[in-house]
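**Student:** let me see the structure of the following:
(4 chains)
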There are 2 protein chains.
Amino acid sequence: MKITINDVAARAQVSKATVSRVLNQNPQVKEEIRQRVQQAIEELGFRPNAVARNLANNTSNMIGLIVPDMTNPYFPVLARGIEDAAHMYGYSLFISNSDNEPKIEREYIQRMVEQQAAGIVLISSILKEEQVTGLSSLRTPIVLCDRLVSGAPFDAVSIDNRQAAFDAVRYLIGLGHRRICHLAGPNFVQSSEMRKLGYLAAMEEAGLEPFYSNGAFHYESGVQQMEAILKEYRPTAVFASNDLVAYGAINVIEDRGLKVPDDISVIGCDDILFSRMSRPKLSTISIPAYQIGVTAVKLLDERVKGVRSETKNVILKHELVHRETCSGEDRTYGF
Amino acid sequence: MKITINDVAARAQVSKATVSRVLNQNPQVKEEIRQRVQQAIEELGFRPNAVARNLANNTSNMIGLIVPDMTNPYFPVLARGIEDAAHMYGYSLFISNSDNEPKIEREYIQRMVEQQAAGIVLISSILKEEQVTGLSSLRTPIVLCDRLVSGAPFDAVSIDNRQAAFDAVRYLIGLGHRRICHLAGPNFVQSSEMRKLGYLAAMEEAGLEPFYSNGAFHYESGVQQMEAILKEYRPTAVFASNDLVAYGAINVIEDRGLKVPDDISVIGCDDILFSRMSRPKLSTISIPAYQIGVTAVKLLDERVKGVRSETKNVILKHELVHRETCSGEDRTYGF
DNA sequence: CTGAAAGCGCTAACAA
DNA sequence: TTGTTAGCGCTTTCAG
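**Tutor:** Sure, this is the predicted structure:
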């Protein structure tokens, strides 16, 4: 037998409307009554039923997060920013992993809408809005996080991935490298494509020949891509689509008896926790993941509250962090 | 204007009870009518409101997960197991990070109960049930995951942390080590305490003098603990409370010009993703985190469905994985 | 300042 | 087989 507002009302000898008022801090309840109700609540150990509450005022205090894969160390910190901010604004957080599958992404969005989520933070795995019919006709506000979706009329927060990649490659070029290859990520992910474009632009600007392969955002992909590339090319530097991929590359390089950065320099992207812990420490592009998450929730909250209608696209600053895996190109090596 | 079951009923020219029936796959609806309703649903793009649904039948399809910190790479894989299983059973997943704070843990449990979560998977930061009054009087089923809470009458799934530590230390002893120190975790976390006990037991059994310090489950703590210990002790092997701590230790050891494992062997616990990626690859105790998560949801679902009343405590098997950070104790080193 | 009553969207007897 | 009618627990006019 669960305790409802009626039980409290009965015990405090007031109507349930009054109990509801004290629950909602309505100031116009006589102090004496308020106390009586409060006491009844405590004596009964009453907890308001959020479901009934949400139904009654047709709102909800839950927001959803769709993330590709929490198992990729970049996302937990992003998710942490989202969660902390969500709680700060009074929301509870639903989380689902899409594994970069548009179908799954779509299905989870649907589920969250059915759960009456007040809004959704989406780290999307689609490039163009047309791939997901009806997404933009949803009543539920969505904010794109970390990865943009062209043609989608949503708020968004990310970094300038193209510029980030450009910076990384320029850095390598500045160090004297000319044979710089790129271990690109999946070509159906926006951030990945932008990084590839940045790489290409920097190479072209310097009059250098690009060399890259597509892969996935994980360690094994880094291993495979690097192995394949070393069979047909001799880079002196590699720009990996993310840190996990960078580690894959580093391991095949060193397993071949070559040294990072002496023989080959490697730079990643993300700045995951491990980048500071590994030996050598990874040089990389640092992305303010936590802050991206916090900002996303802020934008979402504005939408939920309806205090803004024009769509906003915020770009946070990335930063090149120089650690131990890049050095000047001043020696050659042979296979 | 959102679309409700009434709109569908009107369009299909049936009562809303009938619509409800087709929504719930009730077999006794004439095929013809079923089709008509189905069509109306599609034409209107109707999506049932899960909140109203849950309220009506006084159930919910959400479960909550309270995790210490998703940012610790051990937990995402656990959470992944939980999420995958949750979706498989038809649940949506709430997640909250407690940061190992009993107060926060308590508050989030409360919130989830208010949200009418069908059940809660709890990775707890308290040792004894008494620390959280009324926890066991909740109507919401709870399953303890990864960390037990003594005195709590809940289902639980974990590994035998004491035995795991014992195995690790025995392994080190078998390699010839005698000066084995332990970088223990927080003493308010059950798994951490069990590991310390296992360490102590193995040392005692071998007639060896234990040497340990308490810390936290993260990298910085490993750094601090190792630095402090090296000031007053000369271990030839260290057993770290988890992999992150192990990496902290490895880095201070190598920063001192010593070699792992040549000068000092290091073994961790958890087997996080990086353990296989780092150089040297970390020897550690592998915990079946994903499986723990899956099992926890299975137990929870049994409770929710009410198909079992006796409480169950499942212990999954850990495994010592020998990689590159432990070797025989056959040389000495000086500071 | 407080109570009565009408919903929120959906489900589940109970009738028809 | 389908419709009618109460609720689920809470909020919110509208009276009093």
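**Student:** how about the residues of the stretch 51-200 of chain A by chain B?
**Tutor:** A:51-52, A:54-55, A:60, A:62, A:69-71, A:73, A:75-77, A:79-80, A:83-84, A:87, A:92-97, A:110-116, A:134, A:139 (CB under 8 Å from any CB of the partner chain). To be clear about C-beta, it is placed using only N, CA and C from the backbone, and glycine gets the same treatment.
**Student:** in PyMOL, select just the buried ones from those.
**Tutor:** Remark: buried members of these, expressed as a PyMOL selection using 16 or more other CB atoms under 10 Å in any protein chain shown:
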select buried, chain A and resi 51+52+54+55+60+62+69+70+71+73+75+76+77+79+80+83+84+87+92+93+94+95+96+97+111+112+113+114+115+116
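**Student:** pLDDT at the residue of chain A positioned farthest from its centre, what is it?
**Tutor:** Here the centre of chain A is the reference, and by CA atoms, centre = their mean the most remote residue is residue A:13, at 50.3 Å. pLDDT, residue A:13: 95.
**Student:** can you get me a residue count around the nearest residue to it once chain neighbours are set aside?
**Tutor:** Leaving aside its sequence neighbours, residue A:13 sits nearest to residue A:36 (CB to CB, 6 or more residues apart in numbering or on different chains; 7.5 Å). Close neighbours of residue A:36, defined as other CB atoms under 10 Å in any protein chain shown, add up to 18.
**Student:** same check, this time on residue A:157
**Tutor:** 25.
**Student:** show me what the mean pLDDT comes to for the helix or strand hosting it.
**Tutor:** Taking DSSP states H and E as the criterion, residue A:157 maps to strand A:155-159. Across strand A:155-159, pLDDT averages out at 98.
**Student:** which strands and helices sit next to that strand?
**Tutor:** Packing contacts for strand A:155-159, counted by 3 or more CB pairs under 8 Å, 6 or more residues apart in numbering or on different chains; DSSP states H and E, involve strand A:142-145, helix A:289-305, strand A:313-316.
**Student:** send me the second one as CSV with only the CA atoms.
**Tutor:** What follows is the C-alpha trace of helix A:289-305 in CSV, where atoms were taken according to Å, rounded to 0.1, in the frame of the first residue of the first chain:
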residue,chain,number,x,y,z
ALA,A,289,34.2,17.8,-23.5
TYR,A,290,32.8,18.5,-20.1
GLN,A,291,32.1,22.1,-21.0
ILE,A,292,30.4,21.0,-24.2
GLY,A,293,28.0,18.9,-22.1
VAL,A,294,27.3,21.7,-19.7
THR,A,295,26.6,24.1,-22.5
ALA,A,296,24.3,21.7,-24.3
VAL,A,297,22.1,21.3,-21.3
LYS,A,298,22.0,25.1,-20.8
LEU,A,299,20.8,25.5,-24.4
LEU,A,300,18.3,22.7,-23.9
ASP,A,301,17.0,24.2,-20.7
GLU,A,302,16.4,27.5,-22.5
ARG,A,303,14.3,25.7,-25.1
VAL,A,304,12.4,23.8,-22.5
LYS,A,305,11.6,26.9,-20.6
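**Student:** can you map out the strands along chain A?
**Tutor:** Using DSSP state E, the strands of chain A run over A:62-67, A:92-97, A:119-122, A:142-145, A:155-159, A:180-183, A:211-213, A:237-240, A:265-270, A:283-286, A:313-316, A:319-321.
**Student:** okay, the angle between the first one and strand A:92-97?
**Tutor:** Here strand A:62-67 points in a direction 20 degrees away from that of strand A:92-97 (axes from the mean of the first three to the mean of the last three CA atoms, to 10 degrees).
**Student:** what's the answer for the fifth one, then?
**Tutor:** Using the same axes, to 10 degrees, one finds that strand A:155-159 and strand A:92-97 are set 60 degrees apart in direction.
**Student:** and strand A:155-159, how far out from the chain middle?
**Tutor:** Here strand A:155-159 is found 10 Å from its chain centre; the criterion is CA atoms, centre = their mean, to the nearest Å.
**Student:** just so I know, which of the strands of chain A lies nearest DNA strand C?
**Tutor:** Across the strands of chain A, DNA strand C has its closest neighbour in strand A:62-67 (15.8 Å, CB to the nearest atom of the strand).
**Student:** which helices and strands sit right next to the closest one?
**Tutor:** For strand A:62-67, the packing partners by 3+ CB pairs under 8 Å, 6+ apart come out as helix A:74-88, strand A:92-97, helix A:102-114, strand A:119-122, helix A:289-305.
**Student:** and the last one, how far out from the chain middle?
**Tutor:** Right, helix A:289-305. Centroid displacement of helix A:289-305 relative to its chain, using CA atoms, centre = their mean, is 12 Å.
**Student:** can you list the buried residues in stretch A:187-202?
**Tutor:** A:189-196, A:198-202.
**Student:** and which of those is nearest residue A:258?
**Tutor:** residue A:199 (21.8 Å; CB to CB).
**Student:** which non-adjacent residue is nearest that closest one?
**Tutor:** What sits nearest to residue A:199 in space, not counting adjacent residues and going by CB to CB, 6+ apart, is residue A:182, at 4.4 Å.
**Student:** and residue A:64, what pLDDT?
**Tutor:** pLDDT at residue A:64 comes out at 97.
**Student:** ok, it - contacts?
**Tutor:** By CB atoms under 8 Å, 6 or more residues apart in numbering or on different chains, the residues touching residue A:64 are A:93-96, A:108-109, A:112, A:115, A:117, A:119-121.
**Student:** can I get the residues you listed in JSON lines with pLDDT?
**Tutor:** As requested, these are exported to JSON lines (pLDDT from 0 to 100):
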{"residue": "A:93", "pLDDT": "96"}
{"residue": "A:94", "pLDDT": "95"}
{"residue": "A:95", "pLDDT": "97"}
{"residue": "A:96", "pLDDT": "97"}
{"residue": "A:108", "pLDDT": "95"}
{"residue": "A:109", "pLDDT": "94"}
{"residue": "A:112", "pLDDT": "95"}
{"residue": "A:115", "pLDDT": "93"}
{"residue": "A:117", "pLDDT": "95"}
{"residue": "A:119", "pLDDT": "96"}
{"residue": "A:120", "pLDDT": "97"}
{"residue": "A:121", "pLDDT": "98"}
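**Student:** which one of those residues sits closest to residue A:175?
**Tutor:** Nearest to residue A:175 among those: residue A:121, at 37.5 Å, using CB to CB.
**Student:** okay, now the residue nearest to residue A:308 when sequence neighbours are not counted: neighbour count?
**Tutor:** Among residues not flanking residue A:308 along the chain, residue A:302 sits closest, at 4.6 Å (CB to CB, 6+ apart). Number of residues near residue A:302 (other CB under 10 Å) recorded here: 17.
**Student:** try the one 5 residues further on
**Tutor:** A count of nearby residues for residue A:307, using other CB under 10 Å, gives 8.
**Student:** same deal with the one 4 residues further on?
**Tutor:** Using other CB under 10 Å, the number of residues around residue A:311 comes to 13.
**Student:** quick one: low-confidence ranges for chain A?
**Tutor:** A:1, A:131-133, A:329-335 (pLDDT under 70).
**Student:** domain parsing of it, as residue ranges.
**Tutor:** Listed domain ranges for chain A are A:1-43, A:62-159+A:288-316, A:161-287 (source: automatic domain parsing).
**Student:** the strand holding residue A:157 pairs with which strands?
**Tutor:** Partner strands for strand A:155-159, per DSSP bridges, with pairing direction: strand A:142-145 (parallel), strand A:313-316 (parallel).
**Student:** mean neighbour count added to those strands, as CSV?
**Tutor:** As requested, those are exported to CSV (neighbours: other CB atoms under 10 Å in any protein chain shown):
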stretch, mean neighbour count
strand A:142-145, 26
strand A:313-316, 14
